[in-house]
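# sequence below, structure please.
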Amino acid sequence: MDKNHFLQIEPTIIKKSFGFMPDGNEIFCYTLSNKNGMELSVINYGTTITSLKIPISDEKKIDVVLGFKKLEDYINSFNLPSAPYFGSVVGRYAGRINDASFILNGKKIVLTKNHNSHQLHGGLMGFGRKFWKVIASTSVDNPSITLEYTSKNKEENFPGEVIVKVTYTITEANELMVSFLATTSEDTIINLTQHSYFNLDGHDNTIGNQELFVNSSKILNTTEENIPTGEFIALKKHPFDFKIQKKCPQKIDTTFILENTNTLAASLFSEKNKLKMSVFTNQPAVHIYIGGNCFNQIKGKENTEYHPFSGICFETQNFPDAPNHMHFPNAILKKGEEYLHQTIFKFENL
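Numbering: from 1, shown residues only. Next comes the predicted model:
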């Protein structure tokens, strides 16, 4: 007989108020749970994942993502010396765009700048700072919730009105499935990602003892400002060769090229909790970033002081600055076409 008490749970979705935005919009927290006791909490501010609790024993579960307790902390976190983007959806374009500009259909597009002379993660008021509308949810079998945001034409100077839908699903196999679907009124560029910081020892720990695997043989070469040069670096004998699983590095902010999509992209393992997270995606890259520092200015949930080694992001996405490199994967979404990005975070007790 299986002794996991969480097996008695019926899949549910619970909705609670999470506060009000400065413009008066009320933000709600939606907590989804599957029959195994896995719990996902999402707010419709930035479609932000605030909590992800995974069962690790008969009656114990741990929260494996960094986050805040209050809406105002999420809002204020964008004013930190380096905004962490805890758990948010990043867009319209994740990563950096060199000189905040690119050529589309023969025309130069100049975007807003929020990272020196460049644009990072969609600009001054990216998708992670927006009010999203919940348009669908279900608590049957594999609980899911779908949120939608309409990015107006010329928002952050991007062309086209883009309608974005994000669906979070937690499956009976203890997977967190993230699906992005987008359409546009005119040709534009797009690159969406989910920016959760994971820590399989618990969100209030360091990730120093966890082991990282990345199924990649090449990374993007970048400038001192982390702008892609267009060149690739082979990982053979490189410190960031994680094809053989090893401890997380002290510092990393790097785009790994994935040769095969929809196969294992990366994994993280906690010896302490005997917990493994595997990442699968249809995207051509995973940008791996270690951080979480809140500079002693904002406390995390459960009164946690987050630091530069608090969590690790697996930002599955297209290449940063792809619109400015012809040999990078296509980042253009044309009118009449659909953008579809799917990523799975699978949790296993070993």
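# let me see the contact set for the closest residue in space to G230 that isn't next to it in sequence.
What sits nearest to G230 in space, not counting adjacent residues and going by CB to CB, 6 or more residues apart in numbering, is H325, at 4.9 Å. C-beta: built from backbone N, CA, C; applies to glycine. Applying CB atoms under 8 Å, 6 or more residues apart in numbering to H325 gives the contacts 228, 230, 319.
# from those, pick the one nearest E175.
Set against E175, the nearest of these by CB to CB is F319 (25.7 Å).
# so that closest one sits against T229, correct?
No. Counting by CB atoms under 8 Å, F319 sits too far from T229 to count as a contact (11.7 Å).
# which neighbours do these two have in common?
With CB under 8 Å, 6+ apart as the test, F319 and T229 both reach L220.
# which one's more surrounded, these two?
Comparing F319 with T229 by neighbour count (other CB atoms under 10 Å), the higher total belongs to F319, at 22 against 13.
# ignoring the adjacent residues along the chain, who's closest to the more buried one?
Closest residue to F319 apart from its sequence neighbours, by CB to CB, 6+ apart: F328 at 4.6 Å.
# and if you look at E231?
Nearest residue to E231 in three dimensions, chain neighbours excluded: N221, at 4.2 Å (CB to CB, 6+ apart).
# and the one you found, what helix or strand is that in?
Secondary-structure assignment from DSSP states H and E places N221 in strand 218-222.
# which outside residues touch that strand?
Residues contacting strand 218-222 (CB under 8 Å, 6+ apart): 228-235, 238, 240, 254-257, 285, 319-320.
# burial count for the closest residue to S82 other than its chain neighbours?
Nearest residue to S82, sequence neighbours excluded (CB to CB, 6+ apart): N293, at 6.8 Å. Summarising burial for N293: neighbours were counted as other CB under 10 Å, giving 16.
# so, low pLDDT: which residues of this protein?
1-8 (pLDDT under 70).
# direction included, what does the helix or strand harbouring I54 pair up with?
Here I54, judged by DSSP H and E, is contained in strand 48-55. Next to strand 48-55 in the sheet, as set by DSSP bridges, lie strand 39-43 (antiparallel), strand 61-63 (antiparallel).
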